[in-house]
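**Student:** Below: sequence and its predicted model.
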Amino acid sequence: MSRTSKDTELARRLSRRNILGVAAGATAATITGEASAQADSRDHGQGHGRGHDQSYGHGHGKGHGHGHGKGRPVLPPGRLGIQLYSLRDQVSTLGFGPVFTELEKYGYDEIEFAGYTQGSAGAITLAQLKRLARDHGLNPIGSHVGYYDDNNPGAYTFAQNLEKVLDDAQALGLKHIGTPSGPFRYGSTVDGWKRVAEEFNVYGAAARKRGMKFYQHNHAEEFSFATDKPRVRLYDVLLEETDPDLVHLEMDIYWAFCAQFRFSRRVDGSPAPLDPLQYVLKHPDRYPLFHVKDGVRDDTTRDGYRMSDVGDGDIDYRTFLSKVTSRTHRGRTYHHWQTEHDNPVESLAFARKSSEHLHSLREGRCGD
């Protein structure tokens with residue numbers, strides 16, 4: 001029943017994101033089980049809220065900040081989405097419709113695409129996809145598309161087929177269209193990133209003409225240092241050289257905290273403090289979208305975290321969301337929060353648990 005009206009190595013990651021048609025062992029029984037679990041949780045009062053301190057990402061253990069029923073919800077109403085890459089196994093097996101049915105039950109408001117096909121579940125047109133999302137009360141808020149493929153002039157990327165990418169986004173009614181590709185097309189030098197910034201400005205201008213915002217989604221490597229100027233953080237080049245009215249950013253909070261672990265010192269060992277939250281508070285209008293992804297702190301790993309379902313990790317989302325929504329202009333209406341897990345053990349369970357956790361968070365006393 002429909003609700004009323006209601007992210008080199010990066011290139012490898014991108015190639016996985018471009019295709020949702022990955023076979024997986026999902027069954028309709030999984031759908032039924034998840035729906036039952038969700039109904040059970042709602043029967044027990046899980047409300048879904050419809051109607052520069054570097055310690056923020058560490059030390060706030062599992063279940064931190066749940067506080068059911070007291071205080072204003074941290075998550076603004078109508079702003080919870082999910083990156084459908086997390087559910088690619090279910091989409092390719094069952095199709096968008098059954099997946100959207102579950103997301104509706106779990107209290108999601110929005111979806112972010114990572115491809116517009118259903119893989120083995122059959123073909124679907126953009127018009128059908130738009131209508132299907134609408135019928136389930138899900139707002140298609142954005143989409144991930146490749147930045148470039150210089151070996152393939154026919155590639156479905158911004159660099160090779162900008163107008164087609166924008167045509168499709170417009171047909172879906174998207175307000176944001178972006179890329180999870182790292183800006184490494186011309187290497188890791190300052191000048192190389194300036195060239196990328198010029199191209200991003202072009203894409204942003206073209207998107208703006210159609211009423212959309214162009215955005216780039218980070219992994220950890222964007223926060224590394226330029227090879228020719230090792231005191232310069234590449235992410236800062238991107239911020240400085242792109243037009244803030246044309247190029248926006250989708251912060252993947254998990255990868256930003258991994259970057260904090262990996263790149264808070266330069267190659268020479270000198271300190272280079274990196275605080276994901278402060279980037280947002282300093283440039284709030286650059287961040288319309290976020291990926292809410294969690295991780296268990298593990299200093300023995302390269303990234304300092306092991307990815308987990310949202311709520312099972314150590315990233316303090318009560319503090320992060322509270323500060324962004326309370327300290328930025330239009331904080332509770334401008335930003336959109338998309339849950340994600342690159343490889344969840346059970347993707348529907350991930351979606352359900354993540355929604356429950358974020359909806360359960362209530363504002364509390366947060367230090368400055």
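**Tutor:** Yes, it's here.

**Student:** in the stretch 1-150 of the chain, which spans are strands?
**Tutor:** All strands of the stretch 1-150 of the chain, identified by DSSP state E, counting those that start in this stretch, fall at 80-83, 110-113, 139-143.

**Student:** so where's this protein uncertain?
**Tutor:** 1-69, 365-368 (pLDDT under 70).

**Student:** What residues are bridge-paired with the most centrally placed residue in it?
**Tutor:** The chain has residue 291 as the residue nearest its centroid, 2.7 Å off, counting by C-alpha atoms, centre = their mean. Beta bridges link residue 291 to residue 252, residue 338, judged by DSSP bridges.

**Student:** got the contact list for it?
**Tutor:** Residues near residue 291 by C-beta atoms under 8 Å, 6 or more residues apart in numbering: 7, 83, 217, 250-255, 338-340. C-beta: built from backbone N, CA, C; applies to glycine.

**Student:** Run through the neighbouring helices and strands of the helix or strand hosting residue 318.
**Tutor:** Element membership for residue 318 (DSSP states H and E) is helix 317-327. Applying 3 or more C-beta pairs under 8 Å, 6 or more residues apart in numbering; DSSP states H and E, one finds that helix 317-327 contacts helix 276-282, helix 331-334, helix 347-360.

**Student:** then the first one to CSV, C-alphas only?
**Tutor:** C-alpha atoms of helix 276-282 as CSV (Å, rounded to 0.1, in the frame of the first residue of the first chain):
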residue,chain,number,x,y,z
PRO,A,276,35.1,16.2,8.4
LEU,A,277,32.5,18.1,10.5
GLN,A,278,34.4,21.4,10.2
TYR,A,279,34.5,21.1,6.4
VAL,A,280,30.8,21.1,6.4
LEU,A,281,30.3,23.8,9.0
LYS,A,282,32.7,26.1,7.0
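
**Student:** just checking, residue 160 touches residue 148?
**Tutor:** Yes - Residue 160 is within contact range of residue 148, at 6.7 Å (criterion: C-beta atoms under 8 Å).

**Student:** How many neighbouring residues does residue 264 have?
**Tutor:** 14 (other C-beta atoms under 10 Å).

**Student:** again, but for residue 245
**Tutor:** 13.

**Student:** One more: residue 229?
**Tutor:** When neighbours are counted by other C-beta under 10 Å, residue 229 comes out with 13.

**Student:** Pull up the gap between the nearest residue to residue 121 once chain neighbours are set aside and residue 254, please.
**Tutor:** Leaving aside its chain neighbours, residue 121 sits nearest to residue 95 (3.7 Å; criterion: C-beta to C-beta, 6 or more residues apart in numbering). Counting by C-beta to C-beta, to the nearest Å, the separation of residue 95 from residue 254 is 28 Å.

**Student:** so who does the nearest residue to residue 111 once chain neighbours are set aside touch?
**Tutor:** In space, and not counting its chain neighbours, residue 111 is closest to residue 138: 5.0 Å by C-beta to C-beta, 6+ apart. For residue 138, the contacting residues are 100, 103-104, 108-111, by C-beta under 8 Å, 6+ apart.

**Student:** Please point out which parts of stretch 226-242 sit buried.
**Tutor:** For stretch 226-242, the neighbour count (16 or more other C-beta atoms under 10 Å) marks 226, 232-239, 241-242 as buried.

**Student:** Next, give phi and psi for the residue lying farthest from the centre of the chain.
**Tutor:** Using C-alpha atoms, centre = their mean, the residue of the chain lying farthest from its centre is residue 268. It sits 32.3 Å away. Main-chain torsions, residue 268, degrees, to the nearest 10: phi -80, psi 0.

**Student:** before we move on, the earlier item: buried by neighbour count: which residues of the helix holding residue 318 qualify?
**Tutor:** For helix 317-327, the neighbour count (16+ other C-beta under 10 Å) marks 317-325 as buried.

**Student:** Next: stretch 165-176.
**Tutor:** In stretch 165-176, counting by 16+ other C-beta under 10 Å, buried: 165-166, 168-169, 172, 174-176.

**Student:** farthest pair in those residues?
**Tutor:** 165 and 175 (14.8 Å; C-beta to C-beta).

**Student:** now the contacts of residue 291 in a markdown table, with distance to residue 90 and neighbour count?
**Tutor:** A markdown table is the format used below for those (distance: C-beta to C-beta, whole Å; neighbours: other C-beta atoms under 10 Å):
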| residue | distance to residue 90 | neighbour count |
| --- | --- | --- |
| 7 | 19 | 25 |
| 83 | 13 | 29 |
| 217 | 22 | 27 |
| 250 | 23 | 26 |
| 251 | 26 | 23 |
| 252 | 21 | 26 |
| 253 | 24 | 26 |
| 254 | 21 | 28 |
| 255 | 24 | 26 |
| 338 | 17 | 26 |
| 339 | 14 | 27 |
| 340 | 14 | 29 |
